[in-house]
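Chemist: quick one, fold the following:
(2 chains)
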Protein chains: 2
Amino acid sequence: MRGTMLYAPGDVRVETRDDPRIEQPTDAIIRIAAACVCGSDLWPYRGIEPVTGPTPMGHEYVGVVEEVGSQVTTIRQGQFVVGSFAASDNTCEICRAGYQTSCLHREWIGPLGAQAEYLRVPLADGTLVATPEQPSEDVVPGLLAASDVLGTGWFGAVAADVQPGKTVAVVGDGAVGLLAVLAAKHLGAGRIIAMSRHADRQKLALEYGATDIVTERGDDGVARIKDLTNGLGAHSVIEAVGTQESMLQAIRSTRPGGHVGYVGVAHGVQLPGEEMFYSHVHLHGGPAPVRRFLPELVDLITSHAIDPGNVFDLTLPLDQAAEGYRAMDERRAVKALLRP
Amino acid sequence: MRGTMLYAPGDVRVETRDDPRIEQPTDAIIRIAAACVCGSDLWPYRGIEPVTGPTPMGHEYVGVVEEVGSQVTTIRQGQFVVGSFAASDNTCEICRAGYQTSCLHREWIGPLGAQAEYLRVPLADGTLVATPEQPSEDVVPGLLAASDVLGTGWFGAVAADVQPGKTVAVVGDGAVGLLAVLAAKHLGAGRIIAMSRHADRQKLALEYGATDIVTERGDDGVARIKDLTNGLGAHSVIEAVGTQESMLQAIRSTRPGGHVGYVGVAHGVQLPGEEMFYSHVHLHGGPAPVRRFLPELVDLITSHAIDPGNVFDLTLPLDQAAEGYRAMDERRAVKALLRP
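Modeler: Model prediction:
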């Protein structure tokens, strides 16, 4: 089959590699209908995370079940399924508490390489959610978004305790930040402040429900949020970047007693304890337990209640994956969808 | 009047200084019935916080109202009152959300010096809670505990989201940690693990409701907590120290999806962002909004439902305040009560 490999920073190739096969009786093999490039794929692409030899890439996927292992009982051949970037048994105590990305038997999908024609999904019963029927083409991008960026933005909003009528700020205008705006809107936020300085992303944020756009960053961004909230700060702030500056911007934009939901993968972040202490904010986040939200998100998308699919502003055949990485790296695209 | 002053690390003196008087129409003057030495008073006493010239000390107090300013409407002369270490209007948006220690008009009591015969309390209507009648002598220490250490331990337990039947660990065996055990017990925790290596404090922890004692610290302490919780960590961990080691111990003792409530004043703490991210814990804390809990705590204490008063294991006349500091510094006493 064909699949994407990262050889070195900036060096993405689509190559032929062995078809995956059932290795554990709890595995499933799926034929990928759509995959995509993640903002987190850009960390190694940019050399900020080390690249150790050629690595299969991709952890977002929807597709059709080709084959299941002997112990798979609920997922069946022919179903259209959505998974997330972590395989989880969905039965352990941590999964049952809603933290499937910390499942006691968690396996990351990334190294298995979802930007490919086929994918082996471990713990298929726990990991995959089937759509009620074969979805129409128009909702496939939305379902693919649910697989990571929507689920992650959703978790950011839930972790930030977004409440009806309250004020939410979103730091980060990548796909996750934009879909956190959509999640906040769905959860009933009264006011949603998107922090973005790119016209195309501002437009999408407004479409998803943002009521205000703030273009300033850092201390100036914090000051603008304070201006917009009677000097208090937002009730809920969603952090969707993962840098020191963005984390401090999020914490400082939150009122005392408010909540920061952080879903940007932290890179080189050190949180100053004393400032945190006196800030009185709640802090929660981490790798989004997308699986917790998938059944609800699949429902919302297949019933056309929400449409997160237009976060993909570039669609390419799988063989042109390298261009998808380049376009996102250069911010020419918010998110690139790949069709095998 | 007589009052305690800190001149330099280790140098506490009780001296005559001017009686406080009404300065703002919202002030009250109270005659102190009992005050005490706080674990946080030991930071400057030990020279870990700078001491800049002679400073009045003390921020925990109960007493009788002597005089009120012209705009004080609910607090009256002759009432027995409990306050906390922060004056707050209790009417602003932040106070109404339960974060009175971040009140828009907050004033710290510390610099006013509650280890004295009299104290000026700003924002008296918002800050003070009167007992239903003059309390009997036996509940005065308990009411004094409510003023800070009990209220702080209580906030720690609430911030750590202590739930009925769940497992709680407490890092720190000072008065706040011990009373966090009492709070966790009152909130219905099923199992309460106190981390302490001092026999007298272990005894008090067991009396307050601890079910397990862990004497190990740091990584060994974390390993013990994991051993006691099927390898998962506690649902809720209360941090009542404020050092780098104790914060990491608390975070690492918490299961994914669990809650850390931190009330030890952070000193030199830097939280590693990436570890926090993958830990999946909730983090909340800060200077305890004791005022939020005072009405309930006063009820529980005056009705003898809880007795936090025996956290004071040393009672001294105010003039011997220096010995109170020494005894706590040398860990000969958990907490020293001062009688003017």
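
Chemist: when you work out contacts or count neighbours from here on, use the C-alpha atoms and nothing else.
Modeler: Noted.

Chemist: please enumerate the helices of the stretch 151-300 of chain A.
Modeler: A:175-186, A:199-208, A:218-228, A:244-252, A:273-279, A:290-302 (DSSP state H, counting those that start in this stretch).

Chemist: out of those, nearest to chain B?
Modeler: With C-alpha to the nearest C-alpha, the closest approach to chain B among the helices of the stretch 151-300 of chain A belongs to helix A:273-279: 4.3 Å.

Chemist: export that closest one to PDB, keeping only CA atoms.
Modeler: In PDB, the C-alpha atoms belonging to helix A:273-279 read as follows (Å, rounded to 0.1, in the frame of the first residue of the first chain):
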ATOM      1  CA  GLY A 273       3.900  28.400  40.600                       C
ATOM      2  CA  GLU A 274       3.500  31.600  42.500                       C
ATOM      3  CA  GLU A 275       1.700  33.300  39.600                       C
ATOM      4  CA  MET A 276      -0.500  30.300  39.100                       C
ATOM      5  CA  PHE A 277      -1.300  30.300  42.900                       C
ATOM      6  CA  TYR A 278      -2.500  33.900  43.000                       C
ATOM      7  CA  SER A 279      -4.300  33.700  39.700                       C
END
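
Chemist: who touches it?
Modeler: The contact list for helix A:273-279, computed with C-alpha atoms under 8 Å, 6 or more residues apart in numbering or on different chains, reads A:251-252, A:255-256, B:265-271, B:285-287.

Chemist: cool, and stretch A:295-305?
Modeler: A:129, A:131, A:135, A:139, A:142-143, A:146, A:151, A:306-308.

Chemist: next: stretch A:128-141.
Modeler: Outside stretch A:128-141, the residues that touch it by C-alpha under 8 Å, 6+ apart are A:34, A:62, A:75, A:79-84, A:294-295, A:298, A:301-302, A:304, A:307-310, A:312, A:337.

Chemist: buried ones in that stretch?
Modeler: Across stretch A:128-141, burial judged by 16 or more other C-alpha atoms under 10 Å in any protein chain shown covers A:128-131, A:139-141.

Chemist: ok, now stretch A:57-72?
Modeler: Per 16+ other C-alpha under 10 Å, stretch A:57-72 contains these buried residues: A:57-69, A:72.

Chemist: and which of those is nearest chain B?
Modeler: When these are compared for distance to chain B (C-alpha to the nearest C-alpha), residue A:59 comes out closest, at 17.5 Å.

Chemist: so the closest one, which state does it fall into?
Modeler: State at residue A:59, reduced to three classes by DSSP: H, G, I helix; E, B strand; the rest coil: coil.

Chemist: residue A:237 versus that one, what's the distance?
Modeler: As for residue A:59, its distance to residue A:237 is 26 Å (criterion: C-alpha to C-alpha, to the nearest Å).

Chemist: got the helices of the stretch 151-300 of chain A as TSV, with mean pLDDT columns?
Modeler: As requested, the helices of the stretch 151-300 of chain A are exported to TSV (pLDDT from 0 to 100):
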stretch	mean pLDDT
helix A:175-186	98
helix A:199-208	96
helix A:218-228	97
helix A:244-252	98
helix A:273-279	97
helix A:290-302	98
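
Chemist: go through those and pick out the most buried.
Modeler: The highest average neighbour count among these, using mean count of other C-alpha atoms under 10 Å in any protein chain shown, belongs to helix A:175-186 at a mean of 29.

Chemist: and the angle from that helix to helix A:199-208?
Modeler: 20 degrees (axes from the mean of the first three to the mean of the last three C-alpha atoms, to 10 degrees).

Chemist: can you name every helix or strand that helix A:175-186 contacts?
Modeler: Under the contact criterion of 3 or more C-alpha pairs under 8 Å, 6 or more residues apart in numbering or on different chains; DSSP states H and E, helix A:175-186 touches helix A:149-159, strand A:167-171, strand A:191-195, helix A:199-208, strand A:234-239.

Chemist: what's the closest of the ones you listed to chain B?
Modeler: For the helices and strands packed on helix A:175-186, proximity to chain B was assessed by C-alpha to the nearest C-alpha; helix A:149-159 is nearest, at 8.8 Å.

Chemist: so what's the one residue sitting closest to the centre of chain A up against?
Modeler: If you average the C-alpha coordinates of chain A and look for the closest C-alpha using C-alpha atoms, centre = their mean, you land on residue A:149, 2.4 Å from that point. For residue A:149, the contact set (C-alpha under 8 Å, 6+ apart) comprises A:38, A:175-176, A:179.

Chemist: do residue A:9 as well
Modeler: Contact criterion C-alpha under 8 Å, 6+ apart gives A:44-47, A:51 as the residues in contact with residue A:9.

Chemist: which parts of chain A sit against chain B?
Modeler: When proximity is defined as C-alpha under 8 Å from any C-alpha of the partner chain, chain A approaches chain B at A:94, A:97-99, A:102, A:256-257, A:265-274, A:276-287.

Chemist: buried subset of those as a PyMOL selection?
Modeler: A single PyMOL command selects the buried members of the residues of chain A next to chain B (16+ other C-alpha under 10 Å):
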select buried, chain A and resi 94+98+99+102+256+257+265+266+267+269+270+271+272+273+274+276+277+278+279+280+281+282+283+284+285+286+287
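
Chemist: now, the residues of chain A next to chain B that are in strands?
Modeler: Where these overlap with strands, as defined by DSSP state E, the overlap consists of A:256-257, A:270-272, A:282-285.

Chemist: can you redo the residues you listed as CSV with pLDDT and distance to residue A:166?
Modeler: Rendered in CSV, the data for these read as follows (pLDDT from 0 to 100; distance: C-alpha to C-alpha, whole Å):
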residue, pLDDT, distance to residue A:166
A:256, 98, 14
A:257, 98, 13
A:270, 97, 29
A:271, 97, 26
A:272, 97, 27
A:282, 98, 16
A:283, 98, 17
A:284, 98, 18
A:285, 98, 20
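
Chemist: and those, which two are the farthest apart?
Modeler: With distances taken as C-alpha to C-alpha, the most widely separated pair in those is A:257 and A:270, at 21.3 Å.

Chemist: and the residue in chain A sticking out farthest from the centre, how far from chain B?
Modeler: Of all residues in chain A, the one whose C-alpha sits farthest from the chain's mean C-alpha position, using C-alpha atoms, centre = their mean, is residue A:230 at 31.9 Å. The spacing between residue A:230 and chain B, counted by C-alpha to the nearest C-alpha, to the nearest Å, is 10 Å.

Chemist: same check on residue A:3?
Modeler: In this structure, residue A:3 and chain B are 28 Å apart, going by C-alpha to the nearest C-alpha.

Chemist: is it true that that residue lies in a helix?
Modeler: No. Counting by three-state DSSP, residue A:3 is not part of a helix but strand.

Chemist: mind checking how far it is from residue A:36?
Modeler: Separation of residue A:3 from residue A:36 (C-alpha to C-alpha): 12 Å.

Chemist: who touches both of the two?
Modeler: For the pair residue A:3 and residue A:36, residues contacting each of them under the criterion C-alpha under 8 Å, 6+ apart are residue A:115.

Chemist: which one's more surrounded, the two?
Modeler: residue A:36 (32 against 25; other C-alpha atoms under 10 Å in any protein chain shown).

Chemist: per-residue pLDDT of the nearest residue to the more buried one once chain neighbours are set aside, please?
Modeler: Once flanking residues are discounted, residue A:36 sits nearest to residue A:337: 4.4 Å by C-alpha to C-alpha, 6 or more residues apart in numbering or on different chains. pLDDT, the model's per-residue confidence, is 98 for residue A:337.

Chemist: quick one, what contacts residue A:337?
Modeler: Contact criterion C-alpha under 8 Å, 6+ apart gives A:34-37, A:141, A:312, A:314-316, A:324 as the residues in contact with residue A:337.

Chemist: doesn't it lie inside a strand?
Modeler: Yes. Secondary structure assignment places residue A:337 in a strand (three-state DSSP).

Chemist: mind saving the C-alpha coords of whichever strand or helix holds residue A:44 as PDB?
Modeler: In this assignment (DSSP states H and E), residue A:44 forms part of helix A:42-45. As requested, C-alpha coordinates have been extracted for helix A:42-45 and formatted as PDB (Å, rounded to 0.1, in the frame of the first residue of the first chain):
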ATOM      1  CA  LEU A  42       4.300  20.100  12.100                       C
ATOM      2  CA  TRP A  43       6.400  19.800  15.300                       C
ATOM      3  CA  PRO A  44       8.700  17.100  13.900                       C
ATOM      4  CA  TYR A  45       8.200  18.500  10.400                       C
END
